[in-house]
Every structure is written in structure tokens, then in C-alpha cells.
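A.B. asks: predicted model, plus sequence, below.
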Amino acid sequence: MADTCSITGAPSAVAKDDQDFDPGPGKHVLYFGDPMCSWCWGFAPELRHLDATLKDRAQLHIIMGGLRPGTTEAWDAEMRDYIRHHWQEVAAKTGQPFDYARFDDKTFVYDTAPACRALITARTLKPEASLAMYEALQRGFYAEGLDLSNAANLVDMAASCGVDRDAFAQHFIAVETAALTAHDFQRTRAFGVTGFPSLVCADDGQYAVLSLGYRTFSTMQPILEEWLNA
């Protein structure tokens, strides 16, 4: 089984030509993930290594894929057992910390839309804070047991990443931000991504997959360096 979190209820993929999904000229790495994806949290240290390697050589784009956006029902015992198993697997393989107290809350609704929207809000207001905000959301949910549907928690996280609190609160609820979030979800499907984390390299309109699912940075580095130096 691939070390990846699969999208729930993914719509049909659309062609990349249907909208402007291309990042533009030059070299880019498109990272598709979700703050509430356990394998993405496991991948967080690898993503930091990737970002450092790309510095001044290629641009990293953090794109929200929408793991379980719009979920409205609380998780049942079967889902809790399934997800707990995945968390334990990720923890064992990556060493990332997890707060398992979450599983005592039988009323929890696993809706990832607010967290994705929070990242996009921060990305819009302060692009250079995108990775820091993504990590803050991940750590808040997985290691600190925070509720990412709570707007106050999201504002605090954004502020800790240098994003203006009032601007974040206003933009988070804006219709335009909802549209940007939907665009990220559609962009993910347009590239045929069905699981997270996934990495795609783009170079002047040419695309190549770097990773589908969790991989250590050391296994990706030789391929990445070859692409960056080409």
C-alpha cells in the first residue's frame, strides 16, 4: 500500500487546459497536500529539506488538495480505528509526534475545508508565510490537538506566522477566498492527483512526477538535483 492519504469523494479530473493551472515560465515544484493529511504531516521534515534545496533555483507552490472537504457527520468507531491505524503507521515510519486524545472525541467532524481555506488565506496575504502556516496547521492538529474548525485558533496560527490578525479574519470569510480554495481543489484534480502528499515538477509547461505519496528527501534528492541542474 502506498504511503499516501487518498482523497474522499474525488470528482472527475479535468483537463489542465480547462483553466489556467500552469505556474508560468521557469522551474516550479507543485506540492499537493492537506493540513489534516497524516502522511503530509509525516512528510513535513522532508518538505522543509525540499524547500531549502529549491531556494533561488525553483519556486515551491503549496496547493491545497482537499482531503475531506465538506464532511458534516461525526466520525464513527470504524473510521476512528482506521485513522488511528494510519496515525500510528506514520508515527512509526517518520517519528512525527501525534496527540491521540483526539480519538476520545466521538463528536469530531473530519472536515478539512477550514484548514485548507486558512492556508490559502495566509498564502494570499503573505505568500512567503505559506510553508510556515502549513506547518503550524499540521502541528496544531496532529501534535497539539487543536480544533482547526475554530476560527480563533486559525487566527492565532496566522499571527504566529507574521500574518496580520484582522486581515486574516476578514479574508478567511470572504467569498473570494472560498473561490480560491475551490480553485486549488480543482487544480489538484486537473493534475490527476488522488492522494497526498504528491509532488509535480513543472518546467516551462513540461511536467514530471517527483513523488506520489511519502518519500524521504534523500531518495528524491538525486532526481531533484538532476532536474534543477538541467
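C.D. replies: Received, thanks. Residues are numbered from 1 along each chain as shown.

A.B. asks: packing partners of the lowest-mean-pLDDT helix or strand in the chain?
C.D. replies: One helix or strand of the chain scores below all others by mean pLDDT, DSSP states H and E: strand 5-6, with a mean of 78. Counting contacts by 3 or more Cβ pairs under 8 Å, 6 or more residues apart in numbering; DSSP states H and E, strand 5-6 packs against helix 38-54, strand 195-196. For the C-beta atoms, the positions are set from N, CA and C on the backbone; glycine is no exception.

A.B. asks: in a markdown table, list the ones you listed along with mean pLDDT and distance to Ala115.
C.D. replies: A markdown table is the format used below for those (pLDDT from 0 to 100; distance: least, Cβ to Cβ, whole Å):
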| stretch | mean pLDDT | distance to Ala115 |
| --- | --- | --- |
| helix 38-54 | 98 | 11 |
| strand 195-196 | 94 | 13 |
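
A.B. asks: go through these and pick out the most buried.
C.D. replies: strand 195-196 (a mean of 24; mean count of other Cβ atoms under 10 Å).

A.B. asks: and that strand, what other elements does it pack with?
C.D. replies: strand 5-6.

A.B. asks: got the CA positions of the helix or strand following the strand it packs on in CSV?
C.D. replies: Scanning forward in sequence from strand 5-6 by DSSP states H and E, the next helix or strand is strand 27-33. What follows is strand 27-33, C-alpha atoms only, in CSV (Å, rounded to 0.1, in the frame of the first residue of the first chain):
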residue,chain,number,x,y,z
LYS,A,27,11.1,25.8,-12.8
HIS,A,28,8.4,25.1,-10.2
VAL,A,29,7.6,22.3,-7.8
LEU,A,30,3.9,21.8,-7.1
TYR,A,31,3.2,20.3,-3.7
PHE,A,32,-0.3,18.9,-3.3
GLY,A,33,-1.4,18.2,0.2
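
A.B. asks: returning to what we had before: partner strands of the least confident helix or strand of the chain, with direction?
C.D. replies: Here strand 5-6 is paired, per DSSP bridges, with strand 195-196 (antiparallel).

A.B. asks: and the next helix or strand after the partner strand, which strands flank it?
C.D. replies: Reading on from strand 195-196 to the C-terminus, the next helix or strand found by DSSP H and E is strand 198-203. In the sheet, strand 198-203 lines up against strand 27-33 (antiparallel), strand 206-212 (antiparallel) (DSSP bridges).

A.B. asks: this completes my enquiry, with thanks.
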